[in-house]
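> Could you work out the structure for the sequence below:
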Amino acid sequence: MTTLQAFNLRKSNIFFSSKASGQSSGLISALLGFDKISPSSAYLGLPLFRSGRSKDFNFLVEKLESKLVGWKSKVLSKAKRLVLIKSIALSLPVYTMQSMKLPKTICSKLDATIRNFWWSASKSNNPICLKAWAEVFQPKQWDGLGFRRM
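Modelled structure (predicted):
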């Protein structure tokens, strides 16, 4: 029994190891009709091939920083910052974290970026921390703000 489904060649790609010769990979790619895919390719916003290093996930830090730049240009109260952090900044890496374990260095960078946004009005200001950052992560019933660590 067949389903009569066919490959969509425009949406299909093929990947070759770095050890495969260029001639053989080109021949196979031409024979199958698939385009070659680069090692830095992404699918649904996630890197397909990971080297196991934190540089694979720098896109998360860059995406968060680009969002914060727009927010920092506005004068925001602490309440507005709290809502932005909880609703957007803390939820930004969730999709990636569902399928991959983030390196600790990336989690630390994300936490530091959020911390700097919380305590300072602009990137040029040195933040004045009014409460220990560990206490900020406490639930609201324990006098924290309810932030989540990455």
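
> I85 against N116, yeah?
No: using CB atoms under 8 Å, I85 makes no contact with N116, being 11.4 Å away. C-beta here means a position set from N, CA and C on the backbone, and glycine is covered the same way.

> Can you pick out the residue with more neighbours from the two?
Applying other CB atoms under 10 Å to I85 and N116 shows that I85 carries more neighbours, namely 22 against 16.

> Once you drop chain neighbours, what's closest to the more buried one?
The spatially closest residue to I85, leaving aside those adjacent along the chain, is I114, at 5.8 Å (CB to CB, 6 or more residues apart in numbering).

> If I follow the layout properly, that neighbour ends up in contact with F147?
Yes: I114 lies in contact with F147 (CB under 8 Å); the separation is 7.4 Å.

> what do these two both touch?
Shared contacts of I114 and F147, defined by CB atoms under 8 Å, 6 or more residues apart in numbering, comprise 85, 90.

> how many other residues sit next to K140?
K140: 8 surrounding residues under other CB under 10 Å.

> can you check M97 too?
14.
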